[in-house]
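Novice: Need coordinates for the following:
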Amino acid sequence: MQYRLQGIIIRSMDHGEGNKIVTIFTREYGKMSVVARGAKKVKSRFGSAVQLFTLGDFSFFKSGQSGLGSMSLAEIVEAFHPLREDLHLAAYASYLAELTDKMFGDQEGHPYLYEQLKGSFQALQQGKDIQIIVHMYEMKMLMQAGYMPELNQCVVCGSQAEAVALSVGLGGILCERCKLRDPQAIPLTPGALKLLRVLGQADVKRLGSIDVKAPTKELLKLVLRTYFDTHVGLRMKSRDFIDQMERYGI
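Specialist: You can find the predicted model right below:
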């Protein structure tokens, strides 16, 4: 079957002497893996159109549901050069791309998340708050995968009283009366809880200037990282690299 689709390159690996296998995240069909023959050669007809993070129009032939497609045409729509040229942007864009790649199977269409990934790359390129962008996308991935924590009522008693902690193990917030049900629950500030709720619902394409205090960012990071590790359990090279950058103050 011949496809002509717009998509984002979320993974690229060498294949043989001159070829690349790229994974394209498309709006209609989700992930699709395609061989770009000769892509590593200097005079390749695909050139920079198959570089990581590139948004492009791609034509390829793919037989059946499994196996690799064979690319015939690639045209750049948005190159996202800054995401490859800046170390920090490259690290976080790689994390979003790897998260997308590992959370979904092949040919599972996710139009909303496709738009959110594209919007996240655009927001990173525009210099908006990196950590907020990342947390917005993480929340949406949790929601799509069915792991979204309960943030509107106590996960134990159902009360809508003010939450004071989030239980990763129980999967949601706890009120004052129920907080002792999980000694490992993470204490929450009202501001952090409000942000968690907003980040899950907000459209990254509408993200404006936002000023979040450093302690609140650290709390959000702790909550989401612990939640991902407990319920999703993905090991990602890009996150390990980000941790190394932070450890050595890069």
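Novice: Give me the secondary structure label for the residue sitting nearest the centre point of the chain.
Specialist: Centroid-nearest residue in the chain: L96, 3.1 Å away (criterion: CA atoms, centre = their mean). Three-state assignment for L96 (DSSP: H, G, I helix; E, B strand; the rest coil): helix.
Novice: thinking it is in contact with V134, fair?
Specialist: Yes. L96 lies in contact with V134 (CB atoms under 8 Å); the separation is 6.8 Å. (Glycine included, C-beta is placed from N, CA and C.)
Novice: any common contacting residues for the two?
Specialist: S120 (CB atoms under 8 Å, 6 or more residues apart in numbering).
Novice: now the protein, which segments are flagged as low pLDDT?
Specialist: 64-66 (pLDDT under 70).
Novice: Show the contacting residues for the residue nearest to the centre of the chain.
Specialist: Contacts of L96 by CB under 8 Å, 6+ apart are L117, S120, F121, V134, Y137.
Novice: do that again at 10 Å, thanks
Specialist: If you count contacts by CB atoms under 10 Å, 6 or more residues apart in numbering, L96 has them with 8, 10, 53, 83, 116-117, 120-121, 124, 133-134, 137-138, 141, 238.
Novice: What of V204?
Specialist: 115-124, 128, 132-133, 136-137, 140.
Novice: Buried subset of those residues as a ChimeraX selection?
Specialist: In ChimeraX syntax, the buried subset of the contacts of V204 is picked out as below (16 or more other CB atoms under 10 Å):
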select :116,117,118,119,120,121,122,123,124,128,132,133,136,137,140
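Novice: Find the nearest non-adjacent residue to A192, please.
Specialist: Excluding its sequence neighbours, the residue lying closest to A192 (CB to CB, 6 or more residues apart in numbering) is L219, at 4.7 Å.
Novice: Now for that neighbour, how many residues are close by?
Specialist: Neighbour count for L219, taken as other CB atoms under 10 Å: 21.
Novice: Checking it next. Helix, strand or coil?
Specialist: Relying on three-state DSSP, one would call L219 helix.
Novice: just checking, it touches L188?
Specialist: Yes. In this structure L219 lies within contact range of L188 using CB atoms under 10 Å: 7.4 Å.
Novice: got any residues that touch both of these two?
Specialist: In contact with both L219 and L188: L166, L196, using CB under 10 Å, 6+ apart.
Novice: What's the separation between the residue nearest to A192 and G171?
Specialist: With distances taken as CB to CB, to the nearest Å, L219 is found 18 Å from G171.
Novice: And for L224?
Specialist: 14 Å.
Novice: Could I get the buried residue list for the lengthiest strand in the chain?
Specialist: Counting residues, the longest strand found in the chain (DSSP state E) is strand 2-15. Within strand 2-15, the residues that qualify as buried are Y3, Q6, G7, I8, I9, I10, R11, S12, H15, counting by 16+ other CB under 10 Å.
Novice: next one: stretch 125-134
Specialist: Q125, K128, D129, I130, I132, I133, V134.
Novice: Stretch 89-105 too?
Specialist: Across stretch 89-105, burial judged by 16+ other CB under 10 Å covers 89-100, 103-104.
Novice: can I see the domain layout of the protein?
Specialist: 1-79, 81-250 (automatic domain parsing).
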